[in-house]
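Q: the following comprises the amino acid sequence and a computationally predicted model.
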Amino acid sequence: MRLLIVAVAGGSRLTSLGSIFEGLYTDKIQVASAAESSSSRYGVDKSFPMHYPADMTVDNPLGGMEKRNLYNEFINGCREYYAPDGHLCDITEEERIQMNINQPVGMVNYTELGFAKVHAPDELNKLLTRFWKRNFRSPQNIPNETWSRGNTYTNHWSSPSKMLQMEVLPDGGEELRSKVWDISKDILESWTGVELSPSSLYGVRVYTDGAVLAPHVDRMPLVISAIVNVAQDVDEEWPLEVIGHDGTAHNLTLEPGQMILYESHSIIHGRPFPLQGRYYANVFIHFEPLGHSIKNEQTAKVDLSTLYQQAWEKQNSECSKDDYNDCKLQIDFNMEKVKTPAYILPGSEEEKRWLQAHSNAKLANTKERTRKVVDNLGANFAAAAGDLTLLKRIVKGDPKSLYRVDNNGWSPLTEAARGGHQEVMEWLLQEGANINQRTHKGKGGSPLWWAKKFLGSKHKIVEYMEERGAVEIPPSGHGKIKS
């Protein structure tokens, strides 16, 4: 396999990139030069607000007032679309900007510049192209992507983003997801020099004419990532703007079959220039580094044991005498194979509290590619109990727990669906949880299927999920729930 690395900075950077990839591929790596989309050097707050919006009009080579007016049109469009809740747009913007300011400075950087542009491996391109050709007819025939109220990461109110869900469409499914992850993992591990574990891959996002993607950093555990251009029909190139570790804006354009590698947790990235064309389709592939240890955990400021006990008692109080054992099983069945200190009895209440206080406890086989983690047992339990206060505290201390699954592939969102806890689900979706994530290694039911199974098709949580585009996917060998 031959990988073409395209230059994105000076000559010294090319040497560094070449040395990173040597030894992974047998053919000699070819390095090509490619000018950036903009010859002017600038940093944050010039193309779009990233840190301090007022700085957009100060020494802006892109035209300060013009960019400010475009942003005003952007944010006012959100406010009008979500009226009378337009204030939610401003809240989302404040959170986005605060993350841009605060998160990168607290992250480990794995590469010199934070991004690279490469040609995707042929096998990866073939897989994604086949999926695309099988399922794409026109942007109008693709379902709109679901965004929480007031979300400003794209201007979906005027230029709807579309989503081809990889797990439910023909030529997709878990097999395709696994292959895409495996191929990308080799490239990203060679680039970063660290062992990676998959964290997110949901499908092909299709942007439409006029689309803008607000510059942002990704929430953990989306740490080491790749963007692959799958297909496009554009009138002019649509750059991804990244703020490298050098503090400079780099505008990177992709042709179909090319990909960008980037440290999405610390590199501000977005598409602040409106798309000119019919559509632009790409896939996002996310990983997190392995090797985290309990000694690096942050100590919670609140007594989590107390919150955990309160949630436990609340859950038990809602179990009837007839189904008490089955009700408790929803919490207890995940305790197998957890690596806890020898002086704590397996399955005891103390073990549950220990896991809550040490939420990065992992299975013994943490180095295996197919390892499963149960460090979100507390997050799952809080979601199952409908305790949003406890859930927020857990996720604040360990953001990665929001996305992890237990031994049976159950996520906090699946637990919230099964329990009928709409408030918890709303918050989980706002934080980026996947509403269609299946259990049991991708062969089990989707959250909507489980909600219907436990609560019936007429429950309000079912209606809520269907309004937000949830798909009822039964486990392999099962049918849909009858209404």
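A: Good, I have the coordinates.
Q: and Pro198, that one's in a strand?
A: Yes - applying DSSP: H, G, I helix; E, B strand; the rest coil, one finds Pro198 inside a strand.
Q: quickly list what it is bridged to.
A: When bridges are assigned using DSSP bridges, the partners listed for Pro198 are Phe287.
Q: near it, how many other residues are there?
A: A total of 18 residues lie near Pro198 under the criterion other CB atoms under 10 Å. Bear in mind the C-beta positions are built from the backbone N, C-alpha and C, glycine included.
Q: flag the shaky bits of the stretch 351-483 of the chain, pLDDT-wise.
A: Scanning the stretch 351-483 of the chain for pLDDT under 70 picks out 351-377, 483.
Q: spatially nearest residue to Val230 (excluding sequence neighbours)?
A: Computed as CB to CB, 6 or more residues apart in numbering, the closest residue to Val230 that is not its neighbour in sequence is Ala281, at 4.5 Å.
Q: which elements pack onto the helix or strand hosting the one you found?
A: Following DSSP states H and E, the helix or strand that holds Ala281 is strand 277-289. Packing partners of strand 277-289 (3 or more CB pairs under 8 Å, 6 or more residues apart in numbering; DSSP states H and E): helix 173-192, strand 196-200, strand 203-208, strand 224-234.
Q: and those, which is most packed in?
A: The densest packing among the helices and strands packed on strand 277-289, expressed as mean neighbour count by mean count of other CB atoms under 10 Å, is seen in strand 203-208 with a mean of 24.
Q: pLDDT averaged over the helix or strand following it - what is it?
A: Moving toward the C-terminus from strand 203-208, the first helix or strand encountered (DSSP H and E) is strand 213-216. Model confidence over strand 213-216, given as mean pLDDT, is 97.
Q: what's in contact with strand 213-216?
A: Residues from elsewhere that reach strand 213-216, judged by CB atoms under 8 Å, 6 or more residues apart in numbering: 47-48, 50, 74, 96, 99-100, 152-154, 207, 241, 243, 268-272.
Q: any quick ChimeraX command for the buried ones out of the residues you listed?
A: Selecting only the buried members of these in ChimeraX, with burial defined as 16 or more other CB atoms under 10 Å, works like this:
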select :47,48,50,74,96,99,100,152,153,154,207,241,243,268,269,270,271,272
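Q: report how many residues lie close to the residue nearest to Val230.
A: Close neighbours of Ala281, defined as other CB under 10 Å, add up to 22.
Q: please tell me how far Glu112 sits from Ile187.
A: Separation of Glu112 from Ile187 (CB to CB, to the nearest Å) stands at 17 Å.
Q: neighbouring strands of the helix or strand where His250 lies in the sheet, and parallel or not?
A: Following DSSP H and E, the helix or strand that holds His250 is strand 249-252. Applying DSSP bridges, strand 249-252 is found paired with strand 240-243 (antiparallel).
Q: how about stretch 255-265: buried residues?
A: By neighbour count with 16+ other CB under 10 Å, stretch 255-265 contains the buried residues Pro256, Gly257, Gln258, Met259, Ile260, Leu261, Tyr262, Glu263, Ser264, His265.
Q: endpoints of that stretch, how far apart?
A: Distance between the two ends of stretch 255-265: 24 Å, counting by CA to CA, to the nearest Å.
Q: figure out how far it is from the centre of its chain.
A: Taking CA atoms, centre = their mean, to the nearest Å, one finds stretch 255-265 lying 15 Å from the centre of the chain it belongs to.
Q: likewise for stretch 409-418?
A: Mean C-alpha position of stretch 409-418 versus that of the full chain (CA atoms, centre = their mean) differs by 17 Å.
Q: one step back: ok and the helix or strand that the strand holding His250 is followed by relative to strand 277-289, angle-wise?
A: Of the helices and strands lying after strand 249-252 in sequence (DSSP H and E), the nearest is strand 258-263. Compare the direction of strand 258-263 with that of strand 277-289 by axes from the mean of the first three to the mean of the last three CA atoms, to 10 degrees and you get 40 degrees.
Q: helices and strands around strand 258-263, which ones?
A: In terms of contacts (3+ CB pairs under 8 Å, 6+ apart), strand 258-263 is packed against strand 115-119, helix 173-192, strand 224-234, strand 240-243.
Q: quickly, which of the ones you listed bottoms out on average pLDDT?
A: Summarising mean pLDDT across the helices and strands packed on strand 258-263, the least confident stretch is helix 173-192, with a mean of 90.
Q: which strands or helices does that helix pack on?
A: helix 11-21, helix 122-135, strand 196-200, strand 224-234, strand 258-263, strand 277-289.
Q: surely Val471 touches Val168?
A: Yes - Val471 sits in contact with Val168 when judged by CB atoms under 8 Å, with a separation of 5.7 Å.
Q: got any residues that touch both of the two?
A: Listed contacts common to Val471 and Val168 are Asn436; contacts here mean CB under 8 Å, 6+ apart.
Q: out of these two, which sits in the busier spot?
A: Val471 (17 against 14).
Q: distance of that one from Thr92?
A: With CB to CB as the criterion, Val471 and Thr92 are 25 Å apart.
Q: for Lys179, same thing?
A: Lys179 sits 35 Å away from Thr92, going by CB to CB.
Q: likewise for Asn155?
A: 12 Å.
Q: and what of Pro274?
A: 19 Å.
Q: quick one: which of those two has more around it?
A: Thr92 (22 against 16).
Q: list the buried ones in the one helix or strand the more buried one maps to?
A: Under the criterion DSSP H and E, the helix or strand holding Thr92 is helix 87-102. Within helix 87-102, the residues scored as buried using 16+ other CB under 10 Å are Leu88, Cys89, Thr92, Glu93, Arg96, Ile97, Met99, Asn100.
Q: and the pLDDT at the third one?
A: The reference is to Thr92. 93.
Q: so it sits right up against Gly150, yeah?
A: Yes - here Thr92 reaches Gly150: they are 5.1 Å apart, a contact under CB under 8 Å.
Q: what bridges to the nearest residue to Glu255 once chain neighbours are set aside?
A: Closest residue to Glu255 apart from its sequence neighbours, by CB to CB, 6+ apart: Asn229 at 6.3 Å. Using DSSP bridges, the bridge partners assigned to Asn229 are Asn282.
Q: contacting residues around Asn229?
A: Contact analysis of Asn229 by CB under 8 Å, 6+ apart lists Leu254, Glu255, Pro256, Gly257, Gln258, Met259, Tyr280, Ala281, Asn282.
Q: how close does Gln437 sit to Ile461?
A: Gln437 is 16 Å from Ile461, where distance means CB to CB.
Q: okay, and for the stretch 201-350 of the chain, where does confidence drop off?
A: The low-confidence ranges in the stretch 201-350 of the chain, as defined by pLDDT under 70, are 291-350.
Q: looking at the buried residues of helix 87-102, which is nearest Glu66?
A: The shortest approach to Glu66 among the buried residues of helix 87-102 belongs to Glu93, at 19.6 Å (CB to CB).
Q: distance of the closest one relative to Ala54?
A: According to CB to CB, Glu93 stands 14 Å off from Ala54.
Q: got the angle between the strand holding Ala281 and strand 196-200?
A: Interaxial angle of strand 277-289 relative to strand 196-200 (the same axes, to 10 degrees): 140 degrees.
Q: measure how far strand 277-289 is from the centre of its chain, please.
A: 11 Å.
Q: that one: which residues count as buried?
A: So for strand 277-289, counting by 16+ other CB under 10 Å, buried means Gly277, Tyr279, Tyr280, Ala281, Asn282, Val283, Phe284, Ile285, His286, Phe287, Glu288, Pro289.
Q: could you check the angle helix 173-192 makes with that strand?
A: Inter-element angle recorded for strand 277-289 and helix 173-192: 70 degrees (by the same axes, to 10 degrees).
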